[in-house]
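Student: Kindly return the folded structure for what I paste below:
(chains A, B and C)
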Amino acid sequence: MSLWTVVTEFIKLLNATTIFNVFWATAFGIVVGMLPGLSATMAVALLTGLTFGFAPDQAVVILIAAYVGAIYGGSHSAILLGIPGTASNAAACLDGNPLAKKGEAGYAIGLATAASALGTFFGLICLAIISPLLGKIALEFASWEFFVLAVFGIVICGNLTAPKDPLKGWVAGLLGLLLSQIGQDPIQAFPRFTFGSLQMRGGLSLIPVLVGAYGVGEIIAVMQSPVGYKVKAKITRVLPKLSDLFRYWKTIIRSGVIGVIIGAIPGVGEDTAAWIAYDFAKRFSKKPEEFGRGSHEGLIAAETANNSCVGGAIIPVLTLAVPGSAPAAVLLAAMWLHGIRPGPLLPIEQPTFIATTTAIFFLATIAMAIVGLSFVRPIVQVLRVPRTILMPIVFVLCSVGAYAINGRLFDVGVMFLCGLLGYVMRENNYPAAPLVLGFILGPMADDNFRRAMIIRSGDFSPFFTRPICVVLWLLTLAVILSRSGLWDLVKRRTAKVAG
Amino acid sequence: MQKSDWWCGLAIILISLFFIWGSLAMPWSDKGFDWSGAPGLTPLVLAIFLGITGIILMVRSRTNPKFYEQLEKSMAPPVVEEDDDSIEEEEPVGGELPAFLKSEKIRVALVILLCAIYTFILLGRFHYIAATAVFVAAFILVFRGAGWLQTGIIAVLVGVCVWLVFQQGFGVFLP
Amino acid sequence: MKTTKYILLALMVICILGITFVPVLAAWPTQNINLIVPWSPGGASDLTARTLAVQMEKALGRRITVTNTPGGSGAIGTQAMFDAPHDGYTWSGNADGSIITYQCLEYLPDISHRDYASFLAVFTPNVICVPANSPYQDFPAFLEAAKKGNLTIASAGVGSSGHQAAEIFAAYGGVEYRHVPYQGGAPAVTATVRGEVDSVMQLSMEVTEMLRAKQLRALAVMDSEPLTIDGYGTISPITEWIPDFPVVGGRFGLFLPKDIPAEANSKITEAFIAASQSETMAKFAEERGSKAISLYGDEAAQVLEEGARLVNWMLYRAGVVKIAPSEFGIPEP
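Tutor: Below you'll find the predicted structure:
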């Protein structure tokens, strides 16, 4: 893919319908992202159901715009309320909220907007450069590679999303994997765990599970506390000073790189990226003592990283069909729904799609900057709507989203039950992301393993002799070693021997 | 957290036992496949792993109190200064909240109950707009979000707007 | 103040009731139509249904909304249609090959293929394809290799049209093969392109693009006459080598419950005839290596009956169908 393709694809996007869709979707993303408790994943999941009747190209445009908008929008409530709108803005709270308390709320939002736009832009450049390289190994991917890839994803998602208590990440991941096994099996069409019900035979769909685990679980959690908060801060100057951005160009580039790399690793999302970038910025800063008390640099680092992470997270979606973060997982599912099959074969089946995605990203970035800077005041009004009125409306939208995918009420029931599960998990500190990733990767592992066995009539060896498989196994092993403490053991031993 | 891990561990083991039983009950060989292609293979392996995590969780909660001390320390939220005039508390309509709305458990139960009624009873049996309006109105009134009149207007608006936008605009058939 | 409140509430109630009960009078059709496609968007059933819907909207003067309800090999969406009132406002878009197996595969044990009013608009034959770099240059070479056994054949899943075609090929060619099921037609076709399996026998509609892109080579079409695909060439019929080979393919169109009101049935039939014989439909079929047909009423029922006999007994002998089709009143062909 040349840069020229991106330009031509971008020009193709410049029509009234697309621009209109990009703008409202970005605004929608910002609003959902801004509301505490409602995550970026939910924004994308909700829109997936709601835009089901749209043409595939418009639906993808809307979803990417909402994704970008939501990750950015969370910074508004982080700054104004001190409550991150999405998990990815938690790091932005540390410096954004003190700035708001100093009376610089508007300026903090402006800085966050600029940082987010730069981060997204950085992410899209990486998307355009890296994806085609990964795409070159496309045709090497057969059932064997897909199976090992699924194992890799599973290991990573269990391990990295719950860094403090990996066991709980694993439990959530395994639960997701098991839920995905319900329904007709992909090889023999045997009904598994269906209790003879035709509805269960169709299996659980991703969107109801996802909207339930994230959305409904969040609604319950938000309503839990008897006391709610709303904003009354005043917004003054919004446009950031260019000198402020130039001064921190090193921080911006460093955070951008961190965001893209973290995003591209399956299973780790924007929140981790923001924290790591914030940490790095603090370490390299000339004024580390300002961090946590309203440092411009800290805010810029966090917001650049979480937005460049979006571009990073889409790279494995497009090239390997393995999501880099939870919202990217929904994006992947949405693309499937619309007949776009991301993965190693994408460059063969839809050669210009990566260029189109890059172009959409660019457009969404522009929309985000414009909407973010010009509509700050009206958008912030949403934070003044009491949650008692907002939450039932969100639940109604959740149920529409779950229903619209397959048009069956069974899915709304599934959504509700997964919401209960999500709430129980949240209360006991189990992360929801591995559940969703496990749910996506489950069929991939099951299907490809058994198919590979049929093709070579029970011969295991291709799993270990095909070159890409070997590389993936090694990566998986490295992840397990580095996270399980075994690595430290090995290091200590070798140090002892050497000493 | 130690205590909840014990119970979660137990629940997880029960879930895994259910899936193990279910997978073993499936056919393990038939025309066209042997054990490696059997439908029960993947769920069986996954359920065994889930069982193991459940056992570890239960054992951990009984034998490793130090782990929990460390965990709690690392998860403690950063201290936030309290005096802050940029946000304010939401005012419930009609003055003070009734006592039962101050208990977190009852609030959660109420949310679940309202959503369950909407999902399993209202949807599909009544016209979409009516079902939705009733749900939204009940939710707002129960949690003292707005006065009667305001609630009614919001509820009907939500029902009609969602119906118009999706059924008529986006071409999605609603229940 | 209190009175205004009650007046407002009463108005709201009236509005809601009004929207609910207005469309009762007047002649059929008075409502919009819900067309359930029990498969994912983008597949052959979906594309045919959507093209038909656009054409028939004009004739009926009502909006036809397509809802995709995939799952259970299309049985869940079909069940949903039967659960809805049989008033002619809920349709399904499917293929004859799926409809005829639901009963014997025990997906919908109470619904026979004789319970449908069928409207078939597109016929697309199964094509035997191999990867572009396959050693088998023509059908005789392929058949000879197949007779040695252990060729792998991809399909869209157990009981799918590609699987049925492979079973019929195995029966008439006197060969054994290894069935490799995928999650749908497109993955099966791409797997064949990258050489994971030896052959694929999906519908011509599903392989046309890959044939044009020279990624696949077609060896024979399971029809009695040759098939010409623009931009690829002409494919010889399989009957050149196996003379008694039946015509195997998918007939896509609309399937409704048979007991809808007579008025609705005649209006739909009228609209269907116009749509299926339109220029748009012919062009749609030709672009996808298929033929536009216009079968309805008894003629369509006859096609379903013949297919049900052939396919269900074939699947029974292959061990896919577990209960003898005669239990459901389907005699052996």
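
Student: how about C:E332, what does it touch?
Tutor: C:309, C:313, C:325-326 (CB atoms under 8 Å, 6 or more residues apart in numbering or on different chains). Quick note: C-beta positions are derived from backbone N, CA and C, even for glycine.

Student: who wins for most neighbours among the residues you listed?
Tutor: The member of these that has the most neighbours, counting by other CB atoms under 10 Å in any protein chain shown, is C:P325 with 23 neighbours.

Student: Spatially central residue in chain C, please.
Tutor: Central residue of chain C (CA atoms, centre = their mean): C:A95, 1.9 Å from the mean position.

Student: is it true that that one touches C:R251?
Tutor: Yes - the pair C:A95 / C:R251 is scored as a contact, 6.5 Å apart, by CB atoms under 8 Å.

Student: so how far is the strand or helix carrying A:I389 off the chain centroid?
Tutor: Using DSSP states H and E, A:I389 sits in helix A:387-406. In this view, helix A:387-406 has its centroid 20 Å away from the chain centroid, taken as CA atoms, centre = their mean, to the nearest Å.

Student: Chain A contacts on the stretch 1-150 of chain C?
Tutor: C:36, C:40-42, C:65, C:67-73, C:75-77, C:79-80, C:107-108, C:150 (CB under 8 Å from any CB of the partner chain).

Student: what's whatever residue of the stretch 201-333 of chain C ends up closest to chain A sitting at in phi/psi?
Tutor: The stretch 201-333 of chain C approaches chain A most closely through C:Q215 (7.8 Å), counting by CB to the nearest CB. Per-residue torsions, C:Q215: phi -90, psi -20 (degrees, to the nearest 10).

Student: for the one 10 residues further on, same thing?
Tutor: The phi and psi torsions at C:E225 (degrees, to the nearest 10) take the values phi -130, psi 160.

Student: again with the one 4 residues further on
Tutor: Backbone geometry at C:I229, expressed as degrees, to the nearest 10, gives phi -110, psi 120.

Student: Tell me which residues touch the spatially closest residue to it that is not a sequence neighbour, please.
Tutor: Nearest residue to C:I229, sequence neighbours excluded (CB to CB, 6 or more residues apart in numbering or on different chains): C:G289, at 4.5 Å. Counting by CB under 8 Å, 6+ apart, C:G289 touches C:124, C:127, C:204-205, C:207-208, C:211, C:227, C:229.

Student: any idea of the pLDDT on C:G289?
Tutor: According to the prediction, C:G289 has pLDDT 88.

Student: what do you get for the one 5 residues further on?
Tutor: Per-residue pLDDT puts C:S294 at 94.

Student: Next to chain B, which bits of the stretch 301-450 of chain A? Give me the list.
Tutor: Residues of the stretch 301-450 of chain A that fall close to chain B, judged by CB under 8 Å from any CB: A:386-389, A:391-393, A:395-397, A:399-400, A:403-404, A:407, A:409, A:412-413, A:415-416, A:419-420, A:423, A:428-429, A:442, A:445-446, A:449-450.

Student: Near chain C, list only the ones from the residues you listed.
Tutor: Near chain C, by the rule CB under 8 Å from any CB, you find A:G407 out of those.

Student: Can you give me the pLDDT of the residue nearest to the centre of chain C?
Tutor: For C:A95, the pLDDT comes out at 92.

Student: Could you tell me the phi and psi values at the residue lying closest to it once chain neighbours are set aside?
Tutor: Nearest non-adjacent residue to C:A95, counting by CB to CB, 6+ apart: C:G250, 4.4 Å away. Main-chain dihedrals, C:G250, degrees, to the nearest 10: phi -100, psi 140.

Student: if I look at C:G250, how far off is C:A165?
Tutor: According to CB to CB, to the nearest Å, C:G250 stands 10 Å off from C:A165.

Student: Please identify which of the two sits among more neighbours.
Tutor: Relative neighbour count places C:G250 above the other of C:G250 and C:A165, with 31 against 25, counting by other CB under 10 Å.

Student: Next one, pLDDT for the more buried one please.
Tutor: We note a pLDDT of 91 for C:G250 in this prediction.

Student: Contacts only, for it.
Tutor: C:44, C:95-97, C:123-124, C:126, C:161, C:203, C:205.

Student: Would you format these as TSV with secondary structure included?
Tutor: Converted to TSV, the contacts of C:G250 look like this (DSSP: H, G, I helix; E, B strand; the rest coil):
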residue	secondary structure
C:A44	helix
C:A95	strand
C:D96	helix
C:G97	helix
C:F123	strand
C:T124	strand
C:N126	strand
C:S161	helix
C:L203	strand
C:M205	helix
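
Student: Tell me which two of those sit farthest apart.
Tutor: C:D96 and C:M205 (14.1 Å; CB to CB).

Student: Give me the nearest residue to C:P257, chain neighbours excluded.
Tutor: Ranked by CB to CB, 6+ apart and with sequence neighbours excluded, the top spatial neighbour of C:P257 is C:H86, at 4.6 Å.

Student: One more: A:V396?
Tutor: Per CB to CB, 6+ apart, closest to A:V396 is B:T132, 5.5 Å.

Student: Look at A:A452 and say how many residues are nearby.
Tutor: 25.

Student: do C:R63 as well
Tutor: By the criterion of other CB under 10 Å, C:R63 has 14 neighbours.

Student: Would you mind measuring from the nearest residue to it once chain neighbours are set aside to A:P240?
Tutor: Excluding the flanking residues, the one nearest C:R63 by CB to CB, 6+ apart is C:N32, at 4.3 Å. Separation of C:N32 from A:P240 (CB to CB): 50 Å.

Student: Who has more neighbours out of the two?
Tutor: Neighbours per residue, other CB under 10 Å: of C:N32 and A:P240, the larger number sits with A:P240, 20 against 17.

Student: Ramachandran angles for the more buried one?
Tutor: According to degrees, to the nearest 10, A:P240 has phi -80, psi 150.

Student: give the contact list for it.
Tutor: Contacts for A:P240 (CB under 8 Å, 6+ apart) come out as A:107, A:110-111, A:113-114.

Student: would you turn those into JSON lines with pLDDT and secondary structure?
Tutor: Below are the contacts of A:P240 laid out as JSON lines (pLDDT from 0 to 100; DSSP: H, G, I helix; E, B strand; the rest coil):
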{"residue": "A:Y107", "pLDDT": "84", "secondary structure": "helix"}
{"residue": "A:G110", "pLDDT": "86", "secondary structure": "helix"}
{"residue": "A:L111", "pLDDT": "88", "secondary structure": "helix"}
{"residue": "A:T113", "pLDDT": "89", "secondary structure": "helix"}
{"residue": "A:A114", "pLDDT": "89", "secondary structure": "helix"}
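
Student: Give me the subset of the residues you listed that also touch chain B.
Tutor: Those of those which are also neighbours of chain B - as judged by CB under 8 Å from any CB - do not exist.

Student: Separate out the buried members of those.
Tutor: Those of the contacts of A:P240 that meet the buried threshold are A:107, A:110-111, A:113-114, by 16 or more other CB atoms under 10 Å in any protein chain shown.

Student: Help me confirm that A:E9 comes into contact with A:A359.
Tutor: Yes - taking CB under 8 Å as the definition, A:E9 is a contact partner of A:A359 at 4.2 Å.

Student: Looking at those two, which one has more neighbours?
Tutor: A:A359 (24 against 20).

Student: now that one: how far from chain C?
Tutor: Counting by CB to the nearest CB, to the nearest Å, the gap from A:A359 to chain C is 22 Å.

Student: tell me the SS of the residue in chain B that chain A sits nearest to?
Tutor: When scored by CB to the nearest CB, chain B has B:G145 as its residue closest to chain A, at 2.9 Å. State at B:G145, reduced to three classes by three-state DSSP: coil.

Student: residues near it, how many?
Tutor: Around B:G145 there are 24 other residues, counting by other CB under 10 Å.

Student: didn't it look like it was pressed against B:A137?
Tutor: No - the criterion here is CB under 8 Å, and B:G145 misses it with B:A137 at 10.0 Å.

Student: Need the residues touching each of those two.
Tutor: B:T151.

Student: ranges for the strands of chain A?
Tutor: A:183-184, A:191-192, A:229-231 (DSSP state E).
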